[in-house]
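Novice: 3D model of this:
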Amino acid sequence: MGVMMQAFHWNCPSVDNKEYAWWNFVSEKVPSLSQAGFTSLWLPPVHKAANIGGPSMGYDPYDYYDLGDLDQKGSVKTWFGSKQELVELIDSAHQHGFTVLTDMVINHASGADAQEVNPITGDSRWTFFQPQSGKFCRNWECFHPCQYETRDRGTFGEMPDLSHRNPYVFGEILKLARWLIEQVGFDGFRYDFVKGYGTWIVTAVQEYRYVRDGEHFKPYGVGECWDRARTIDNWVNETNAWNDNPVQAFDFPLRDMLKALCDSYGFSFRNLLSWDTLLKKQPTSAVTFVENHDSRDSDKAIVHDKLLAYSYILTHEGYPCVFWKDYYNWDLGKEGTPHGISALVRVHETLAGGSTEVLWVDDNLYIMQRIGYDKKPGLVFVLNNEGYRWNGACVTTQWHNVAFSPVAWWSGKDDSRPADKWASGDGQAEFWAPPRGYAVYAPQV
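Specialist: Residues are numbered from 1 along each chain as shown. Next up, the predicted model:
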């Protein structure tokens, strides 16, 4: 499926000194990202936010149809830029072969224009929305509690939650999705906080019969179900049960495993086989990632040797997503070298095909092969947990009388190029990785 780039991080316009100019900044990177092998961009929420207390990242939606062209909530532009700049970014991305996703934030809203008394509870709440766009206006009947639903699945802070069973709300969400796909030009959605509403909403958005450029169009979809593997597995199964345009889900349990791999002293590589993840349950449904905008707190972020985690997701199955801040701000992209994310993206796009077969695992060494599929011939991946020495083993591969060359490798202690290898007539070959590092070998077939 390619490699996704999460093209933002928390407070990115301020952190990177690109306030109201983020879309232009991302546009500048599109050619080089395309050359590196990325195939998809995930953008933050693009609508005008409530901006209570200052500009926000958009997860507090106010006017869904104001993409930075109406003077409300403190500015004309969104914190990321103008509508025209957004459209130009999407057009440029399409010209370079990217699909472009946006965050669909439909659980809640914020920044109401007036308070209303909810007759069911008698409470006064901020639920009257009259945005300048004149579209998707809302009142108390659009939010929990109302006459359409007796129970709310989940709340997001203090923001009023939309009642999706209200026919008006349901219809407006479908209209919004249609507008974003058919007129703005997005190719799919990342569904924010899916635990807050029924799976049928996502199914309906995915299955809507969009028409773009005179042809039927099916958007891509991925859900944020931040939970254990079993819950995510159930969410995927329920969402896709009667869905002719299935969605995927972010693999949060895999990310927990990768944090343990990078940050937990004495982590045994045997856990790589036993950890309960969506990738293990449904590899074709898993979007794998190392970091995202929600892991910004010190207790959530991966602190040590993060490239080990990227080497895992970019050599294994699943649809990998790279975090902008890791690639650029923390300089892990390392374009033009074999030592960073860029080289691993190239590995994913040219070699990493077919199923995964583990050839060796112990506490400190992990060796697997991807068997190859179609134009991707496969690879051998070696992960070494030994902190001060190279580590390897003789394994039996699927290749016979074939030479191997290292194409990507990294170590915090030794960046020396691993030696070329040879698989004999019986498939046996010895593969090594540098101290606390990894190496990827390509078969010369």
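Novice: M57: what's it in contact with?
Specialist: For M57, the contacting residues are F8, W10, N11, P44, P45, A49, W79, H293, by CB atoms under 8 Å, 6 or more residues apart in numbering. C-beta coordinates here come from the backbone N, C-alpha and C atoms, glycine included.
Novice: now the buried members of the residues you listed.
Specialist: Taking 16 or more other CB atoms under 10 Å as the criterion, what is buried in those is F8, P44, P45, A49, W79, H293.
Novice: relative to D123, which of the contacts of M57 is nearest.
Specialist: For the contacts of M57, the residue nearest D123 by CB to CB is A49; the value is 24.4 Å.
Novice: which phi and psi values does the closest one adopt?
Specialist: Phi and psi for A49, reported as degrees, to the nearest 10, are phi -90, psi 170.
Novice: any idea how far V402 is from it?
Specialist: A49 sits at a distance of 55 Å from V402 (criterion: CB to CB, to the nearest Å).
Novice: show me the buried ones among the contacts of M57 that map onto strands.
Specialist: A49 (DSSP state E).
Novice: now the two most distant members of the buried ones among the contacts of M57.
Specialist: A49 and H293 (14.5 Å).
Novice: quick one, domains of this structure?
Specialist: With domains defined by automatic domain parsing, the chain comprises 4-350, 356-443.
Novice: make TSV from those domains and add mean pLDDT to it.
Specialist: Formatted as TSV, the domains of the chain follow (pLDDT from 0 to 100):
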stretch	mean pLDDT
domain 4-350	96
domain 356-443	98
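Novice: of the contacts of M57, which is the nearest to Q132?
Specialist: Set against Q132, the nearest of the contacts of M57 by CB to CB is A49 (13.9 Å).
Novice: H400 contacts W422, correct?
Specialist: No. Taking CB atoms under 8 Å as the definition, H400 is not a contact partner of W422, at 10.6 Å.
Novice: and stretch 49-67, how far from the chain's centre?
Specialist: In terms of CA atoms, centre = their mean, to the nearest Å, the centre of stretch 49-67 is found 21 Å from the chain centre.
Novice: meant to ask about stretch 169-182, not that
Specialist: Centre to centre, stretch against its chain (CA atoms, centre = their mean), the figure for stretch 169-182 is 22 Å.
Novice: can you check stretch 131-146 too?
Specialist: Counting by CA atoms, centre = their mean, stretch 131-146 comes out at 30 Å from the chain centroid.
Novice: which stretches of the stretch 251-400 of the chain form strands?
Specialist: 286-289, 319-323, 356-361, 365-370, 379-384, 391-396 (DSSP state E, counting those that start in this stretch).
Novice: mind listing what's buried along stretch 118-126?
Specialist: N118, W126.
Novice: so what touches that stretch?
Specialist: The contact list for stretch 118-126 (CB under 8 Å, 6+ apart) reads 111-112, 114-117, 127, 140, 143, 145-147, 160.
Novice: just the C-alpha atoms of it, please, in PDB.
Specialist: In PDB, the C-alpha atoms belonging to stretch 118-126 read as follows (Å, rounded to 0.1, in the frame of the first residue of the first chain):
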ATOM      1  CA  ASN A 118     -31.300  21.400  27.100                       C
ATOM      2  CA  PRO A 119     -34.900  20.600  27.900                       C
ATOM      3  CA  ILE A 120     -34.100  17.000  28.800                       C
ATOM      4  CA  THR A 121     -31.600  17.900  31.500                       C
ATOM      5  CA  GLY A 122     -32.400  21.500  32.200                       C
ATOM      6  CA  ASP A 123     -28.800  22.500  31.900                       C
ATOM      7  CA  SER A 124     -27.500  25.400  29.900                       C
ATOM      8  CA  ARG A 125     -24.800  24.400  27.400                       C
ATOM      9  CA  TRP A 126     -22.800  25.800  24.500                       C
END
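Novice: so Q6 sits right up against N292, yeah?
Specialist: Yes. Shown here, Q6 and N292 form a contact pair, counting by CB under 8 Å, at 6.1 Å.
Novice: list residues touching both of those two?
Specialist: C321, F323.
Novice: got the CA coordinates for stretch 237-247 in PDB?
Specialist: Extracted in PDB, the C-alpha atoms of stretch 237-247 (Å, rounded to 0.1, in the frame of the first residue of the first chain):
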ATOM      1  CA  ASN A 237     -14.500  -6.500  12.100                       C
ATOM      2  CA  GLU A 238     -17.700  -4.700  13.000                       C
ATOM      3  CA  THR A 239     -16.900  -1.700  10.700                       C
ATOM      4  CA  ASN A 240     -16.100  -3.900   7.700                       C
ATOM      5  CA  ALA A 241     -18.700  -6.600   8.200                       C
ATOM      6  CA  TRP A 242     -21.100  -5.100   5.600                       C
ATOM      7  CA  ASN A 243     -18.700  -2.700   4.000                       C
ATOM      8  CA  ASP A 244     -17.600  -2.900   0.400                       C
ATOM      9  CA  ASN A 245     -14.900  -0.300   1.000                       C
ATOM     10  CA  PRO A 246     -13.100  -1.600   4.200                       C
ATOM     11  CA  VAL A 247     -11.100   0.600   6.600                       C
END
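Novice: so how far is it off the chain centroid?
Specialist: The answer for stretch 237-247 is 19 Å, by CA atoms, centre = their mean.
Novice: contacts for that stretch next, please.
Specialist: With CB under 8 Å, 6+ apart, stretch 237-247 has contacts from 191, 199, 202-203, 206-207, 218-219, 221-223, 236, 285.
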